[in-house]
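1. Build me a model:
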Amino acid sequence: MKRILLVCLTAVLVHVSNVLWAQDVAVAGKITSSEDGSALPGVNVVVKGTTNGTVSDATGSYSISAPATGTLVFTFIGLTTQEVPINNRTTVDVLMAQDVQQLSEVVVTALNIPREKASLGYATQQVKGDAVTQAKDQNFMNSLSGKIAGVQIRRNNNFAGSTNVVIRGNKSVTGNNQPLFVVDGVPIDNTTGNTANQRAGRYGFDYGNAASDINPEDIESINVLKGAAASALYGSRAANGVIMITTKKGKKRSGVGIALSTGVTIGKIDKETFIDYQKNYGAGYAMPSFEYYGPDGFFEEDINGDGVVDKIVPTLEDGSYGAPFDPNLNVYHWDSFVPESPNYNKAYPWVAAKHTPVDFFETQVAWNNSVALSGGNDVNTFRLSYTNFDLKGNLPNQDQKRHTLSFNGTSQINEKLLASISLNFVKGNTVGRGSTGYGGNQMANFRQWWQTNVDIESQREMFAKTGRNITWNGGDYHDPETPIFWDNPYWTRYKNFTTDERTRVYGNFALTYKPTDWLSIMGRVTADTYAELRE
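-> Residues are numbered from 1 along each chain as shown. This is a model prediction of the structure:
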């Protein structure tokens, strides 16, 4: 009997021990590069055999809950996957190295010089041009998100807006952290030209960073130079790294060929992510915050002359915490004072609008069409291409058109002297950029300063019928054409919109003299100039 009890007790203790051994623990650590010790953001960390995972932050740090006896799997594009046993530890730091399978690659380095990747003494990573052409985007950098180790790419949701690119974390708290863009050896200006007010979050427009002028259809490869050693030849301009872009070129003894490419991208706003409007209260603010309201949240006046005081919506307010909705209560709305309106001099039910500002958005459509003629013989090569990009935004009267004409060629003058030329012409026109910041921003209008009793469709119909700025937000309800804060949103889009135009030319001409097999002498003239017109 004692032996049986002993065996049972032993089994229970073993089970309790196994339960305690398998208990989850909080594991944290930092992921860094084995090459230069820099932090690696965006590394995937997963508990092996599960779907439990996380991603390292901008400082390379991570935290995750995992079994004390489990294994963590660290993965990132271009880096060798690592599996690290936890072994009851609460801190697991990891060094990640470049994938050895990529060491035999030939990459383009500073001054457009091809080198064996294994011979380089610094970090670099290359991606092919297909990575930025499969999905047609207004800015080619958006297509690189998540495809380059240690590079953070953040786009905004503003139409044709700028993209923020940071290589291995910020280097400056207050200064510029953007890398230098170099196309076929030509440093490219990547400024936005946005005003100080816009950059500080106040009123303005985001005109997009200038690197978006680079045509993805012309890109052969993109190589990211990381760190001071990789970008030293470009000086202080490359303190934040370099995005090296090599364009497509004609090939020797290839004859003459033509390539056609076309693509369309369609997008719609996800209504589930937009603001959810409450349907209990209409125009105004909590009573009795404003003494000029009537006793129940409306202005009062005998509108129709029948001797009975009528209730009028407080159009001058841009909040929706006023009188509770009541379908049995008829009141005079903003359009009751517009002669062109079917509701002129009429009171109608006090209810939430059927159409909210989410119905203001339209379908976004982007077309990208490209044609390229290329060829070459034993002495000369050439490539001539034209690309037309047409983006219709998701707001009314919003469009961007861009035309890109590119030519590059080479000529082997003699066995030791090579001449090459690259020339790019870009012309872009943008209509109806959305304002950013606080003042005049329609998204702020829709998400914060709006009356839930206003039907956005009635605003559209009123503008379509009159072409005038007849708004729901009149400072005096007798005068809906004099806004106190907010215009009719359709009048804003079709009558008070911005236009801007940018014409750009960049390229280079080079002579390369090779007196011996091991020595090359190059002379290069580069240019990058553009003119902008904003209205």
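2. what does stretch 254-268 rub up against?
-> If you take Cβ atoms under 8 Å, 6 or more residues apart in numbering as the criterion, stretch 254-268 is touched by 133, 135-137, 217, 361, 363-376, 381, 394. C-beta here means a position set from N, CA and C on the backbone, and glycine is covered the same way.
3. Could I have the buried ones of the residues you listed as ChimeraX selection syntax?
-> Remark: buried members of those, expressed as a ChimeraX selection using 16 or more other Cβ atoms under 10 Å:
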select :133,136,137,217,361,364,366,368,369,370,372,374,375,376,381,394
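4. Strands along the stretch 51-200 of the chain, start to end?
-> Secondary structure of the stretch 51-200 of the chain by DSSP state E, counting those that start in this stretch: the strands cover 53-55, 61-67, 71-75, 82-85, 94-96, 106-108, 114-116, 124-128, 151-155, 163-167, 180-183, 186-188.
5. can you tell me the average pLDDT over the longest one?
-> Model confidence over strand 61-67 averages 93 on the pLDDT scale.
6. Pull out the CA atoms of that strand and give them to me as PDB.
-> Provided in PDB are the C-alpha atoms of strand 61-67 (Å, rounded to 0.1, in the frame of the first residue of the first chain):
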ATOM      1  CA  SER A  61      14.100  46.100 -28.700                       C
ATOM      2  CA  TYR A  62      11.300  43.500 -28.400                       C
ATOM      3  CA  SER A  63       9.300  41.800 -25.700                       C
ATOM      4  CA  ILE A  64       7.200  38.600 -25.900                       C
ATOM      5  CA  SER A  65       5.600  36.000 -23.600                       C
ATOM      6  CA  ALA A  66       6.900  32.500 -24.300                       C
ATOM      7  CA  PRO A  67       7.400  29.100 -22.600                       C
END
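7. buried ones in that strand?
-> Buried residues in strand 61-67 (16+ other Cβ under 10 Å): 62, 64, 66-67.
8. elements contacting the strand ranked longest in the chain?
-> Longest strand in the chain, counting residues (DSSP state E): strand 499-516. Here strand 499-516 touches strand 186-188, strand 417-431, strand 519-534, going by 3 or more Cβ pairs under 8 Å, 6 or more residues apart in numbering; DSSP states H and E.
9. could you dump these to a markdown table with mean pLDDT and distance to Ser162?
-> Output for the helices and strands packed on strand 499-516, formatted as a markdown table (pLDDT from 0 to 100; distance: least, Cβ to Cβ, whole Å):
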| stretch | mean pLDDT | distance to Ser162 |
| --- | --- | --- |
| strand 186-188 | 85 | 14 |
| strand 417-431 | 95 | 13 |
| strand 519-534 | 86 | 14 |
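10. For those, could you give me a markdown table that also reports mean neighbour count?
-> Shown next, in a markdown table, are these (neighbours: other Cβ atoms under 10 Å):
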| stretch | mean neighbour count |
| --- | --- |
| strand 186-188 | 18 |
| strand 417-431 | 19 |
| strand 519-534 | 12 |
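11. looking at the ones you listed, which is closest to Gly161?
-> strand 417-431 (10.7 Å; Cβ to Cβ).
12. Which strands and helices lie in contact with the closest one?
-> strand 399-412, strand 499-516.
13. now the stretch 251-400 of the chain, which segments are flagged as low pLDDT?
-> Within the stretch 251-400 of the chain, the segments meeting pLDDT under 70 span 287-293.
14. SS state for the nearest residue to Gly375 once chain neighbours are set aside?
-> Nearest residue to Gly375, sequence neighbours excluded (Cβ to Cβ, 6 or more residues apart in numbering): Val256, at 3.6 Å. In three-state terms, and counting by DSSP: H, G, I helix; E, B strand; the rest coil, Val256 is strand.
15. what's the answer for the one 4 residues further on, then?
-> Per three-state DSSP, the secondary structure class of Leu260 is strand.
16. quick one, which of the helices and strands packed on strand 417-431 is packed in tightest?
-> strand 399-412 (a mean of 18; mean count of other Cβ atoms under 10 Å).
17. what about the helices in this structure?
-> In the chain, the helices defined using DSSP state H lie at 2-21, 196-199, 228-231, 442-447, 456-466, 489-495.
18. Might you report the residue contacts of Phe425?
-> So Phe425 contacts 404-406, 504-505 (Cβ under 8 Å, 6+ apart).
19. circling back: so how far is Glu35 from the residue nearest to Gly375?
-> 44 Å (Cβ to Cβ, to the nearest Å).
20. So for the two, which sits in the more crowded spot?
-> Glu35 (17 against 11; other Cβ atoms under 10 Å).
21. For the more buried one, give its distance to Asp57.
-> 20 Å.
22. swap in Ala372?
-> 42 Å.
23. How about Glu535?
-> For Glu535, the distance to Asp57 equals 42 Å [Cβ to Cβ].
24. Give me the more crowded residue out of the two.
-> When Glu535 and Asp57 are compared for neighbours, Asp57 comes out ahead with 16 against 7, by other Cβ under 10 Å.
25. Apart from its neighbours in sequence, what residue is nearest the more buried one?
-> Pro41 (6.1 Å).
26. Equivalent analysis for Asn394, please.
-> According to Cβ to Cβ, 6+ apart, the nearest residue to Asn394 is Gln364 (4.2 Å).
27. Verify the stated contact: that neighbour with Pro396.
-> No: the criterion here is Cβ atoms under 8 Å, and Gln364 misses it with Pro396 at 11.8 Å.
28. hang on, the earlier thing: okay, and the beta partners of the residue nearest to Asn394?
-> For Gln364, the beta-bridge partners under DSSP bridges are Gly267.
29. Next, the contact list for it, please.
-> Here Gln364 is in contact with 265-268, 391-394 (Cβ under 8 Å, 6+ apart).
30. Let's see that with 10 Å instead.
-> When contacts are counted by Cβ atoms under 10 Å, 6 or more residues apart in numbering, Gln364 touches 159, 265-269, 391-395, 398.
31. Distance check, it against Ser34.
-> With the distance defined as Cβ to Cβ, Gln364 ends up 43 Å from Ser34.
32. do the same with Asn508
-> 36 Å.
33. Check Ala196 too.
-> For Ala196 relative to Ser34 (Cβ to Cβ), the value is 41 Å.
34. Spatially central residue in the chain, please.
-> Arg155 (1.8 Å; Cα atoms, centre = their mean).
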